[in-house]
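**Q** Next input, structure requested:
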Amino acid sequence: MTCVFCNDVRESGEVLFEDDRLWVVLHADWAVAGHAMVVWKDHIENLSDLTLDDAVHFAVMQHRVERALLDATRAGRAVLLKLGIATPHLHLHVYPVGAAVDRAAVFEIIDTRVRAPYDEELVADLRERLAS
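**A** Presented below is the predicted three-dimensional model:
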């Protein structure tokens, strides 16, 4: 199978949290500090492919991840992106950004034309927030 998440999710970034149904992965690109993904473990493409119970679990984790990222990075908002084009496996990108970010800056982030420095303290903070 050629799916990066099915083969080894760690190829796409650092696992911050996992349970029996999903992973939270700090994306390797560091387009913004804290760029993370909520990744479903089973290979499906769409949120609507999940049972209602599983979809609620995914949404609850997305909520926890977004809150943890916003608090840890002190960002004003989160940009959420679900495409599944390059990797057709259910995952949601969460980009913490400043409240005043404009459309052009968002597309620079999504296209990885910018890069934030790796921050070990932020990673440790996020692990702690997601564990509790």
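
**Q** Flag the shaky bits of this protein, pLDDT-wise.
**A** 1 (pLDDT under 70).

**Q** where exactly do the helices run in it?
**A** Residue ranges of the helices in the chain, as given by DSSP state H, are 4-8, 52-73, 103-110, 120-131.

**Q** Indicate which one of the ones you listed is closest to His93.
**A** For His93, the closest of the helices of the chain is helix 103-110, at 8.0 Å, according to Cβ to Cβ. C-beta coordinates here come from the backbone N, C-alpha and C atoms, glycine included.

**Q** Now the terminal residues of stretch 6-19, how far apart.
**A** 15 Å (Cα to Cα, to the nearest Å).

**Q** Pull the residues that contact that stretch.
**A** 1, 4-5, 23-29, 36-37, 39, 43, 87, 89, 123, 126-127, 130-131 (Cβ atoms under 8 Å, 6 or more residues apart in numbering).

**Q** List buried members of the residues you listed by neighbour count.
**A** 4-5, 23-27, 36-37, 39, 87, 89, 123, 126-127, 130 (16 or more other Cβ atoms under 10 Å).

**Q** what's the closest of the residues you listed to Arg115?
**A** Of the buried ones among the contacts of stretch 6-19, the one sitting nearest to Arg115 (Cβ to Cβ) turns out to be His27, at 11.3 Å.
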